[in-house]
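A.B. asks: Next come a sequence and a model predicted from it.
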Amino acid sequence: MTVVTGAAQVSDLTSSQRAIALDKRILLLEPSATPLTVFTKSIENGGNVRSTEDPEFKWVEDERDSRWDAINHGGGYTAEETSVVVDTGTVFYKNALVRNPRTAEIFFVKGVSTNTLEVTRGYAGTTAAAINDDDPLLVIGAVQEEGDTSLEARRTPPSTVSNYTEITRTPIEETETARSSGNMTDPHAWDHAHVERMIEHLVTLENKGLFGHKGSTTGPNNKTLRTTGGLLSYYTANNQDAGGTLTEAELSSWVRSVTRYGSKTKTVFASPLVLDVINNYAVGKLDLIQSDADTVYGVAVKKYITANGQLNLVRHDLLEGAVYGGYAIAVDFGKAAPQYRYLGGGNGPGGSRETKLLKNRQANDADTQKDEYLTECGFQFPQIKTGGVLTGITG
């Protein structure tokens, strides 16, 4: 028997006493199966990974004032009418100049009551013209006369967005008889099970990061059960339904939408079908990204160049089936990169809940060994207008 004197070190603990952190090993094991997690943890700043001290983590977002709205009146308006109803009255304000792009008319806003504007038509030398329902309106900005007092201050307060960490547990268990029996294969079935369950654990995390929805409820054992929101539940802007065959013009339209905000380079996780479609008409626009990027991510990436921006195309094998097999998801890893958030432990005795292998989880008198991979994490998806989803592609 070895006797430890003085302060015991980590090396003095048996393997069954130690929680083994395997995050890096998992990350590199099968990167092509889990590109969202891989890219989030491997981006050039060293990985966009942060701990959270609470199962609900929050972030604050702000954006520029909205300047576009539309007429909301089934019969439209004549050139003489000076009271018009719009979709969103808060977009407009007193002294604002508003242009109807279809008619080139500018009108002056004298006052706003809920969604009704009182206006002076044919302003600034333009000609009043009939207005159609759903005519788009552009708020140019406020105008003031010489010697006037300042207008009433207005601003849009930042919004708070949140998500939950979710507990994911993947167990491995064998009887001690099975563990003590010889195998004709190498590695032993017990060791192979750890590798295989490790992959499945990470794929489960990736599925939650894509398809999950934020929620908190009481579970079957009357304790809190939290689910984390995935990318598709947050990305509700710039979404476009191809409705069947995707044309190059439709793809270009979507690129214009997703590159409107944030950086002009987007990473697009696409199903194999969508990649085939793009590959068939992308002559001269598709190039393999240099191998140095591939070695960082461990994932094959191609770039699709357009006048409005660049798409870094990444095959995502979890986008499969009758519905998700026609999906492409654009994510901005430049100016609005997702963050991987794990419950960090803070000053609590439990410690970090980042991915680890916990050993000997079986009951005290069980003639088995039970290990499990455990993670409590979620994703933070900031500024959803920087990305978007293309759906409904069948060919």
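C.D. replies: Looks like it came in fine.
A.B. asks: Who does residue 328 form a beta bridge with?
C.D. replies: For residue 328, the beta-bridge partners under DSSP bridges are residue 270, residue 390.
A.B. asks: Count the residues that sit near it.
C.D. replies: If you count neighbours by other CB atoms under 10 Å, residue 328 ends up with 29. (C-beta placed from N, C-alpha, C; glycine too.)
A.B. asks: Mind pulling up the pLDDT for it?
C.D. replies: Note for residue 328: predicted pLDDT of 95.
A.B. asks: Relative to residue 53, how far out is it?
C.D. replies: According to CB to CB, to the nearest Å, residue 328 and residue 53 sit 35 Å apart.
A.B. asks: Also residue 173?
C.D. replies: According to CB to CB, residue 173 and residue 53 sit 32 Å apart.
A.B. asks: With residue 394 instead?
C.D. replies: Distance from residue 394 to residue 53, by CB to CB: 46 Å.
A.B. asks: now do residue 221
C.D. replies: Distance, residue 221 to residue 53, by CB to CB: 25 Å.
A.B. asks: Tell me which residue lies nearest the centroid of the chain.
C.D. replies: Closest residue to the average C-alpha location of the chain: residue 231 at 3.6 Å, with CA atoms, centre = their mean.
A.B. asks: Need phi/psi at it.
C.D. replies: Here is the backbone geometry of residue 231 (degrees, to the nearest 10): phi -60, psi -40.
A.B. asks: Please apply the same query to the one 5 residues further on.
C.D. replies: For residue 236, the backbone dihedrals are phi -110, psi 0 (criterion: degrees, to the nearest 10).
A.B. asks: Leaving out sequence neighbours, find the closest residue to it.
C.D. replies: Distances taken as CB to CB, 6 or more residues apart in numbering place residue 384 nearest to residue 236, at 6.5 Å, with adjacent residues excluded.
A.B. asks: confidence score at the residue nearest to residue 206 when sequence neighbours are not counted?
C.D. replies: The spatial neighbour of residue 206 that comes closest, neighbours along the chain excluded (CB to CB, 6+ apart), is residue 34 at 4.0 Å. For residue 34, the pLDDT comes out at 82.
A.B. asks: one step back: give the residue from residue 173 and residue 53 that has the larger number of neighbours.
C.D. replies: Taking neighbours as other CB under 10 Å, residue 173 and residue 53 compare with residue 173 leading, 15 against 11.
A.B. asks: Look up how far residue 187 lies from that one.
C.D. replies: 17 Å.
A.B. asks: residue ranges for the strands of the stretch 101-250 of the chain, please.
C.D. replies: 105-113, 116-120, 136-142, 159-164, 166-175, 215-218, 224-227, 240-244 (DSSP state E, counting those that start in this stretch).
A.B. asks: May I see the buried residues of the fifth one?
C.D. replies: Of the residues in strand 166-175, those buried by neighbour count under the rule 16 or more other CB atoms under 10 Å are 166-168, 170, 172, 174.
A.B. asks: likewise the first one?
C.D. replies: By neighbour count, and taking 16+ other CB under 10 Å as the criterion, the buried residues in strand 105-113 are 105-109, 112.
A.B. asks: mind putting the residues you listed in a markdown table, pLDDT included?
C.D. replies: Shown next, in a markdown table, are these (pLDDT from 0 to 100):
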| residue | pLDDT |
| --- | --- |
| 105 | 95 |
| 106 | 96 |
| 107 | 94 |
| 108 | 95 |
| 109 | 95 |
| 112 | 95 |
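A.B. asks: Closest one of those residues to residue 136?
C.D. replies: The closest of the buried residues of strand 105-113 to residue 136 turns out to be residue 105 (CB to CB; 12.4 Å).
A.B. asks: What segments of this structure are helices?
C.D. replies: Listed in chain order, the helices found in the chain under DSSP state H are 23-29, 35-42, 176-180, 189-211, 231-234, 248-258, 272-281, 291-297, 321-324.
A.B. asks: Out of those helices, which one sits most buried?
C.D. replies: Burial of those is given as mean neighbour count (mean count of other CB atoms under 10 Å); helix 35-42 ranks first at a mean of 22.
A.B. asks: orientation of it relative to helix 189-211 in degrees?
C.D. replies: Here helix 35-42 runs at an angle of 90 degrees relative to helix 189-211 (axes from the mean of the first three to the mean of the last three CA atoms, to 10 degrees).
A.B. asks: Nearest to residue 336 among the buried residues of strand 166-175?
C.D. replies: Of the buried residues of strand 166-175, the one sitting nearest to residue 336 (CB to CB) turns out to be residue 166, at 22.2 Å.
A.B. asks: For that closest one, which non-adjacent residue is closest in space?
C.D. replies: The spatially closest residue to residue 166, leaving aside those adjacent along the chain, is residue 228, at 4.0 Å (CB to CB, 6+ apart).
A.B. asks: One more: residue 52?
C.D. replies: residue 341 (4.8 Å).
A.B. asks: Scan this protein for its longest strand.
C.D. replies: Using DSSP state E, we find that the single longest strand of the chain is strand 368-380.
A.B. asks: distance between that strand and the chain's centre?
C.D. replies: Its chain's C-alpha centre lies 22 Å from the corresponding centre of strand 368-380 when counted by CA atoms, centre = their mean, to the nearest Å.
A.B. asks: can you check stretch 350-367 too?
C.D. replies: Put simply, stretch 350-367 sits 31 Å off its chain's centre (CA atoms, centre = their mean).
A.B. asks: export that stretch as CSV, just CAs?
C.D. replies: The C-alpha trace of stretch 350-367 is given here as CSV (Å, rounded to 0.1, in the frame of the first residue of the first chain):
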residue,chain,number,x,y,z
GLY,A,350,-20.1,21.6,-7.2
GLY,A,351,-17.6,23.1,-9.7
SER,A,352,-17.8,23.5,-13.4
ARG,A,353,-20.5,21.7,-15.5
GLU,A,354,-18.5,21.8,-18.7
THR,A,355,-18.2,18.4,-20.4
LYS,A,356,-16.6,15.8,-18.3
LEU,A,357,-16.5,12.1,-17.7
LEU,A,358,-17.7,11.1,-14.2
LYS,A,359,-16.7,7.6,-13.1
ASN,A,360,-18.3,5.1,-10.8
ARG,A,361,-21.8,6.4,-10.8
GLN,A,362,-23.4,3.0,-10.0
ALA,A,363,-25.2,2.2,-6.8
ASN,A,364,-22.9,1.2,-3.9
ASP,A,365,-23.8,-2.5,-4.0
ALA,A,366,-24.1,-2.8,-7.7
ASP,A,367,-21.9,-5.4,-9.4
